[in-house]
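Visitor: Fold the stuff below for me.
(chains A, B, C and D)
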There are 4 protein chains.
Amino acid sequence: MMEARSPQDGRLCLDASARTEAVRRLRSIRGHVEGVLRMLEDESVYCVDVLRQIKAVDGAMKKVGNIVLRSHLHDHVVTAAVRGDAGETIDELMEILKYR
Amino acid sequence: MMEARSPQDGRLCLDASARTEAVRRLRSIRGHVEGVLRMLEDESVYCVDVLRQIKAVDGAMKKVGNIVLRSHLHDHVVTAAVRGDAGETIDELMEILKYR
Amino acid sequence: MMEARSPQDGRLCLDASARTEAVRRLRSIRGHVEGVLRMLEDESVYCVDVLRQIKAVDGAMKKVGNIVLRSHLHDHVVTAAVRGDAGETIDELMEILKYR
Amino acid sequence: MMEARSPQDGRLCLDASARTEAVRRLRSIRGHVEGVLRMLEDESVYCVDVLRQIKAVDGAMKKVGNIVLRSHLHDHVVTAAVRGDAGETIDELMEILKYR
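Guide: As a prediction, the model looks like this:
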């Protein structure tokens, strides 16, 4: 995993409340993945039931991504011009958004 | 979770080898989610590093979804006309694919 | 553009009513794209207004895709085992769905 | 279509070069849509060939969206804190990105 950028005035960090919310949701996602694993222990599990659960996990991942993204926009992106690292901030954001 | 459909000739089941492969990948995804949770214990974690990991988990979920989908097409969808449940097979498949 | 496959019993064709509906929707999409082009003649157009229109066109494209997909599932995929070209049918379908 | 926001110092506008590039690409997309319409005049057109073209148009729309998005980030989002409209800028951006 890459290290966070450290502009002149210190490291850019994920906001504490967004971090707490992301942890809460990722724990629930981990539980959901474990639920799908238990489901797959059943030899007679039906493909479409598995696909439905995978889709639900996908949706939950997207929501946690949106929480982190909104926090990043608020704490780092809208202030990038002031901080002087707009170019890098845009490049790394586009790298993530273009595959969404 | 919904129960699998049971057409006249028995339950429709996820193929054993697709099931094994899905289990293998979902265990790896669970480990990846745990990695993101550990990452979030660090108060100075950077938003974009979290977003990159979330995107990687998303990609891995999509791959396991594709494995189950291909198996479902092979074992149940292409034979639906013979089995006589084409309408239901198409409806539940479109329900999943339309949100992809 | 690739030519349609021609199994023993003739060419596989898009159903006439799905074709008519696809034409109707694509004409509307073409009009929508022309609307965005007119919007872009205005030097003071706002980025987010353009992004909203692009997203609306995307959504309309997805809907026409779903109409063609459902028709393809109904007319060709659920009968592939009977026709004897299940492998090819699945491969070309996965090629399209994996990027959705 | 909504009107652009007008902060104290004037309207926010899409950058001229991004606008030119978007026009160029949308004209090509319009041509592509017209190509699919001509394709659909053929009664024997194959569903999968249509799906392939729809996917290609989708990809082209995504690319033009990325050009406008990058321009918006550069000209308006990274300067939102200075301009004093960060909240509104983030809300309208998330509205677009959450459906991507």
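
Visitor: ok, and for the helix or strand encompassing A:Leu93, which residues are buried?
Guide: Under the criterion of DSSP states H and E, A:Leu93 resides in helix A:86-97. Residues of helix A:86-97 classed as buried: A:86, A:89-90, A:92-93, A:96-97 (neighbour count, 16 or more other Cβ atoms under 10 Å in any protein chain shown). To be clear about C-beta, it is placed using only N, CA and C from the backbone, and glycine gets the same treatment.

Visitor: ditto for stretch A:38-47
Guide: Neighbour counts using 16+ other Cβ under 10 Å place A:39-40, A:45-47 of stretch A:38-47 among the buried residues.

Visitor: Stretch A:13-23 now?
Guide: Neighbour-count burial for stretch A:13-23, counted by 16+ other Cβ under 10 Å, picks out A:13-15, A:18-19, A:21-22.

Visitor: Repeat that for stretch A:48-65.
Guide: Within stretch A:48-65, the residues that count as buried by 16+ other Cβ under 10 Å are A:48-55, A:57-58, A:60-61, A:64-65.

Visitor: if we can go back for a sec, so which of the buried residues of stretch A:38-47 sit within helices?
Guide: Here DSSP state H is the test, and the buried residues of stretch A:38-47 give A:39, A:47 as lying in helices.

Visitor: wait, which of the buried residues of stretch A:38-47 is closest to C:Ile29?
Guide: Of all those, A:Cys47 has the smallest distance to C:Ile29: 33.0 Å, by Cβ to Cβ.

Visitor: Thought B:His76 was touching that closest one, still the case?
Guide: Yes: here A:Cys47 reaches B:His76: they are 6.6 Å apart, a contact under Cβ atoms under 8 Å.

Visitor: Please enumerate the shared neighbours of the two.
Guide: Listed as contacting both A:Cys47 and B:His76 by Cβ atoms under 8 Å, 6 or more residues apart in numbering or on different chains are B:Leu12.

Visitor: any idea how far stretch A:82-93 is from the chain center?
Guide: Its chain's C-alpha centre and that of stretch A:82-93 lie 19 Å apart, by Cα atoms, centre = their mean, to the nearest Å.

Visitor: mean confidence score for that stretch?
Guide: Stretch A:82-93 shows an average pLDDT of 97 in the prediction.

Visitor: do the same with stretch A:48-64
Guide: The average pLDDT for stretch A:48-64 rounds to 97.

Visitor: who's in contact with it?
Guide: Applying Cβ under 8 Å, 6+ apart, the contact partners of stretch A:48-64 are A:21-22, A:25-26, A:28-29, A:32-33, A:35-36, A:39-40, B:1-4, B:14, B:22, B:54, B:57-58, B:61-62, B:64-65, B:68-69, B:72, B:92-93, B:96, B:99-100, D:98.

Visitor: could you redo the buried residues of stretch A:13-23 as TSV and give each row distance to A:Ala81 and secondary structure?
Guide: Shown next, in TSV, are the buried residues of stretch A:13-23 (distance: Cβ to Cβ, whole Å; DSSP: H, G, I helix; E, B strand; the rest coil):
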residue	distance to A:Ala81	secondary structure
A:Cys13	20	coil
A:Leu14	21	coil
A:Asp15	20	coil
A:Ala18	22	helix
A:Arg19	25	helix
A:Glu21	27	helix
A:Ala22	26	helix
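
Visitor: Among these, which ones lie close to chain B?
Guide: Checking the buried residues of stretch A:13-23 against chain B by Cβ under 8 Å from any Cβ of the partner chain, the ones in range are A:13-14, A:18-19, A:22.

Visitor: Just the closest of these to chain C, please.
Guide: A:Ala18 (23.3 Å; Cβ to the nearest Cβ).

Visitor: so the residue nearest to that closest one when sequence neighbours are not counted is in which element?
Guide: Nearest residue to A:Ala18, sequence neighbours excluded (Cβ to Cβ, 6 or more residues apart in numbering or on different chains): A:Ser71, at 3.6 Å. Here A:Ser71, judged by DSSP H and E, is contained in helix A:47-72.

Visitor: can you tell if whichever helix or strand comes after that helix touches chain D?
Guide: Once helix A:47-72 ends, the next helix or strand along the chain (criterion: DSSP H and E) is helix A:80-83. Yes: residues of helix A:80-83 are located near chain D by Cβ under 8 Å from any Cβ, namely A:80-82.

Visitor: which of the residues you listed has the most neighbours?
Guide: Greatest neighbour count in those, by other Cβ atoms under 10 Å in any protein chain shown, goes to A:Ala80: 24 neighbours.

Visitor: For it, list the residues it contacts.
Guide: Residues near A:Ala80 by Cβ under 8 Å, 6+ apart: A:86, A:89-90, D:78.

Visitor: residues from chain A in reach of chain D?
Guide: With the criterion set to Cβ under 8 Å from any Cβ, chain A comes near chain D through A:62, A:66, A:69-70, A:73-74, A:77-82, A:86, A:89-90, A:93-94, A:97-98, A:100.
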